[in-house]
Structures are given as structure tokens and as C-alpha cells.
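Kindly generate the corresponding structure for this input.
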Amino acid sequence: MRSGGAAWGLVLPVWLLFLLTFPLYGVSPAAADFEAGVAAYDRGDFEAARREFAADDSPEASFYLGRIFDLGQGGPRDPDLAARYYGIARGGGFTVSGSQGVKFRWYLSAAERGDASSQARIAEMYLEGDGVKKDAQQAEQWLLEAAQNDYAPAQCSLYEFYSNGVGGEKDPGLALSWLHRAADGDYVRALTTLAVLNYRGEGVTQDKAEAARLYTRAAAQGDVNAAYSLGVMYYHGDGVGQDYCKAARLFDFTARRGDSAAQGLLGFLYDNGWCVPRDKFAAAMWYLAAARGGNGQAQYNIAVMYLNGELGRTDRNMGLEFMEKAAANGVPEAREALVKLK
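Okay, the predicted model is just below:
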């Protein structure tokens, strides 16, 4: 419920009191205590860290303040204030390489305190040489730290690390063990990756039924790609019993979220009345949505509807327009139709 009364002025939160108490550019160089700010930051006392950094006029202190407000540490996030501090840091000569170094130190301090997401980020920085020299062994160690803390993104990264042999020789068995561990925690990225492996029989015995079960778990969490892949399996009866009704529900879910392939297939279901009412106008709506998203088959299907007058009247211009787009997208039927039409 909205309120415009006086209650807004009764209590000021700590972060706002800080902003009112300390000016943006710091008190004075004499009051600077950057190291005290870093120490406070490292022990998680962000209120004290803000005080110390605000009392320091160095570009590096401004960068730290930008990070604090960017990440909402010790108070609400404030992207605008963060941007101002970042600007001050850049204006003071704080370089990109310098910012990378500070970023690495920031994540490292959190990683050493046991924060799993920071441990995974440090690993990524070692892999990419972001603010630190590339080091696959260090990356592996930090990924293992995060993965053993049950951080599923790190477990998936270890799958990729060992699958690709980033640190040396490939180890498919170890890679899969980490992927399974992440999937056991219902992590969507792991579920969909494992589903693809099971569907294709890559690194595991092919098991399309298991792929469908994994896609179902990911789709239940709202993953659009998993829902579409599962819908296609039901549509074709591939690894599961053919079921146009389940396919229609899954395509409807993904189509409404902008997936052009699902939009085209949902249009086809309405066009033919498979488990949904036969409805040319609903079919055309979904064909058009898919066609505008670049789906060649949908472009061909809507072109045929326009040319045949299936929507109440013939529209040769629209029909030709979409037929040409379908032909350009490599649809053989469209190329053949254009030869006859012209």
C-alpha cells in the first residue's frame, strides 16, 4: 500500500546516515586510511569500510566504494552512486588493469573466508587471466573448494574443466561424476547438459527416456530450452510415447516466452487440430510470431495460408513476401513454390 505521510522521515537507515555524514569525495587526505578500510572490508564490516574509504581520497578507495554500493554490501544496492564512485576512480587515473587487480583481491578475500561463489569466481579469473596471470592449477584448486562446498555452478565448471582437459589430460569419468553431483542438486545447467549426453549417447549409454526425465526436472524449474526439447520428444514420440497434448502444453509455455521454434510447432498443432481445437487464426498468429522471429518453416506455412486465402481472403503480396523469406532460409518447398508463382 502506497503512503505519502510523515512516517517516511521518522527513521533513517544506517546506509543513508552514512551518506549524510560523509561527503562523496572523502574528508581529507590527512584522514585517509585505505589499509584500515581494506581490513574492515576483509572481515565483512562494510559500514566501517565505507567510513575508511570515504575518508581516503585515493582512486583505489573510490573503486572500493563503487564495489560496495554496486553489490549492496551493508545496505541496499545503489547503481547510480556506484557509477559515480567508479567515475571518480577512473578520473583519478585508476586503470582497467588496476580495477582487475582490485577485483581479484576483493574476490580472493571472500574466497578465503569460504564464500563458494567467490571461490568459483577466482577460479574463472585464473582461467581467463582476468586481473591475475592465467593458472589452470590454481583454477582447479579453487573450483574444487567451491564444488566441495556444494556450489553447483563450480561442479558444472569442473565437468567442463575435466572434459576439455584444461589442466592437462582429459578425464571423462571424473568430469561426469561432478556433473551428476550438480544434477543431483537439481541444478538446471547440469540437468540439461546431462540430458543432452543421455539423448545423444555421448560419454554415457544412450538413454532417451532418462534424457526426458532430466528435461522434465529442468522444465519444472521454468527452463525454456528444456521445456522445448521435451516438447519435441513428445511431439515425435522420440524416447517417450507420442503425446501431442503434452507437446502442446510445453510448446505453449515456451512459445509465450518468445521461442520461435515452439511458436511454429504450436501453430502447426492448431493448424491440424492435434490435441487443440483446429483454429486457422490461432495457427496464423503463432506462425506469424515464429516467422517474424526468422523461422523458415513458419514463414512457408503462413505464406501458404495467405496465398490460399485460408484467413478469409487471398493476400498475394504477403504470401510472396513470406515465401521469399522462407526460400532465403533454405526451405525447399518455398523455393519450388516461388518458381511456380513467378
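
Distance from the chain centre to stretch 141-148, please.
Here stretch 141-148 is found 22 Å from its chain centre; the criterion is Cα atoms, centre = their mean, to the nearest Å.

Show me which residues of that stretch are buried.
In terms of neighbour count (16 or more other Cβ atoms under 10 Å), stretch 141-148 has its buried residues at 141-147. Placement of C-beta: from N, CA and C, glycine included.

Quick check: which element contains Ala82?
Assessed by DSSP states H and E, Ala82 sits inside helix 79-91.

Ok, Gly66 next?
Gly66 is part of helix 59-71, with elements assigned from DSSP H and E.

name the helices or strands packed onto that helix?
helix 34-42, helix 46-54, helix 79-91, helix 96-112 (3 or more Cβ pairs under 8 Å, 6 or more residues apart in numbering; DSSP states H and E).

If we use 10 Å, what do you get?
helix 14-21, helix 34-42, helix 46-54, helix 79-91, helix 96-112 (3 or more Cβ pairs under 10 Å, 6 or more residues apart in numbering; DSSP states H and E).

Show me the shaky parts of the stretch 1-150 of the chain.
Counting by pLDDT under 70, the stretch 1-150 of the chain has low-confidence residues at 1-33, 35, 94-102.

what about the closest residue in space to Glu324 that isn't next to it in sequence, how many neighbours?
Spatial nearest neighbour of Glu324, chain neighbours left out: Leu338 (6.7 Å); criterion: Cβ to Cβ, 6 or more residues apart in numbering. Leu338 sits with 15 neighbouring residues when counted by other Cβ atoms under 10 Å.

Name the SS class of Leu338, please.
In three-state terms, and counting by DSSP: H, G, I helix; E, B strand; the rest coil, Leu338 is helix.

who's in contact with it?
303, 320, 323-324, 326-327 (Cβ atoms under 10 Å, 6 or more residues apart in numbering).

now, which of the residues you listed sits nearest Asp223?
Ala326 (29.4 Å; Cβ to Cβ).

For the closest one, give me the pLDDT.
pLDDT recorded at Ala326 is 97.

who's in contact with it?
291, 295-304, 332-335, 337-338.

now stretch 296-304: mean pLDDT?
97.

Kindly report the same for stretch 188-199.
Per-residue scores along stretch 188-199 average to 98.

One more: stretch 240-253?
Stretch 240-253 comes out at a mean pLDDT of 98.

Would you mark the buried spots in that stretch?
In stretch 240-253, counting by 16+ other Cβ under 10 Å, buried: 240, 243-244, 246-253.

Show me which pair in those residues is furthest apart.
Val240 and Asp252, at 18.0 Å, using Cβ to Cβ across the buried residues of stretch 240-253.

In the stretch 101-250 of the chain, what residue spans correspond to helices?
116-128, 136-148, 152-163, 172-184, 188-200, 208-219, 224-236, 244-255 (DSSP state H, counting those that start in this stretch).

Please identify the deepest-packed of those helices.
helix 152-163 (a mean of 23; mean count of other Cβ atoms under 10 Å).

Please list all residues in contact with Gly264.
Here Gly264 is in contact with 251, 255, 286-287, 289-291, 293, 295-302 (Cβ under 10 Å, 6+ apart).

Show the pLDDT at it.
98.

Where does it sit, in terms of helix or strand?
Going by DSSP H and E, Gly264 is part of helix 260-272.

tell me the mean pLDDT for the helix or strand that that helix is followed by?
Remark: after helix 260-272, the chain's next helix or strand is helix 280-292, criterion DSSP H and E. In this model, helix 280-292 carries a mean pLDDT of 97.

Enumerate the positions of helix 280-292 that are buried.
For helix 280-292, by 16+ other Cβ under 10 Å, it's 280, 282-291.

need the helices and strands packed on helix 59-71 in a markdown table with mean neighbour count and distance to Asn272, can you?
Converted to a markdown table, these look like this (neighbours: other Cβ atoms under 10 Å; distance: least, Cβ to Cβ, whole Å):
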| stretch | mean neighbour count | distance to Asn272 |
| --- | --- | --- |
| helix 14-21 | 13 | 59 |
| helix 34-42 | 18 | 63 |
| helix 46-54 | 22 | 60 |
| helix 79-91 | 16 | 49 |
| helix 96-112 | 17 | 54 |
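
Just put those in a markdown table and tack on distance to Ala175.
Formatted as a markdown table, those follow (distance: least, Cβ to Cβ, whole Å):
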| stretch | distance to Ala175 |
| --- | --- |
| helix 14-21 | 44 |
| helix 34-42 | 34 |
| helix 46-54 | 38 |
| helix 79-91 | 38 |
| helix 96-112 | 23 |
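
So for Ala183, which of these sits nearest?
helix 96-112 (24.7 Å).

can you tell me which of the contacts of Leu338 are in helices?
303, 320, 323-324, 326-327 (DSSP state H).
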